[in-house]
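A.B. asks: coordinates only, sequence not included:
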């Protein structure tokens, strides 16, 4: 059983930067990039089917083919189907979260949001905050 973090963002360069930064910190056995909300949900279901432990889902609210909010809700539905505990979900945002996102996070349980560093999605300060959020949610 491998530990997995799934990362989805509408910006391919942002996904690459976050995947590379998380993989470099060794926070999971595997960090996987997803190009859309649909790909994220499919990767999540595939990981559970393979008996991998999804230790985190990192996503933006703006995703092609199934936005971030809808994808997070779909992840929770997949967990129910597999009868597995909720994985930490962190919305990694360029700006501040709005009240609707806060409501969705409250509904999701085991979720949070985190702002990216102004220097870019893979910048050390933003990744530090992201890793901290994931670890907080895992405990």
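C.D. replies: In hand now; what should we look at? Note that the coordinates shown come from a computational prediction; the quantities given were computed from them, not determined experimentally. Numbers count the residues shown, from 1 in each chain.
A.B. asks: who's in contact with the residue positioned nearest the centre of the chain?
C.D. replies: When C-alpha atoms, centre = their mean is applied to the chain, the residue found nearest the centroid is residue 58 (1.6 Å). Taking C-beta atoms under 8 Å, 6 or more residues apart in numbering as the contact definition, residue 58 lies against 5, 6, 7, 8, 18, 22, 90, 92, 130, 134. Where you see a C-beta, it was placed from the backbone N, CA and C, and this is true even at glycine.
A.B. asks: rerun that using 7 Å as the cut-off
C.D. replies: 5, 7, 18, 90, 92, 130 (C-beta atoms under 7 Å, 6 or more residues apart in numbering).
A.B. asks: what about the residues you listed, which are in strands?
C.D. replies: 5, 7, 90, 92 (DSSP state E).
A.B. asks: most neighbours out of those residues, which is it?
C.D. replies: Compared across the ones in strands among the contacts of residue 58, residue 7 has the highest neighbour count, 29 neighbours, by other C-beta atoms under 10 Å.
A.B. asks: where does pLDDT dip in the chain?
C.D. replies: 117-124 (pLDDT under 70).
A.B. asks: let me see the ranges of the helices in it.
C.D. replies: 12-25, 37-49, 68-82, 99-108, 124-138 (DSSP state H).
A.B. asks: which of the residues in the last one are buried?
C.D. replies: Residues of helix 124-138 classed as buried under the neighbour-count rule (16 or more other C-beta atoms under 10 Å) are 126, 127, 129, 130, 131, 133, 134, 137.
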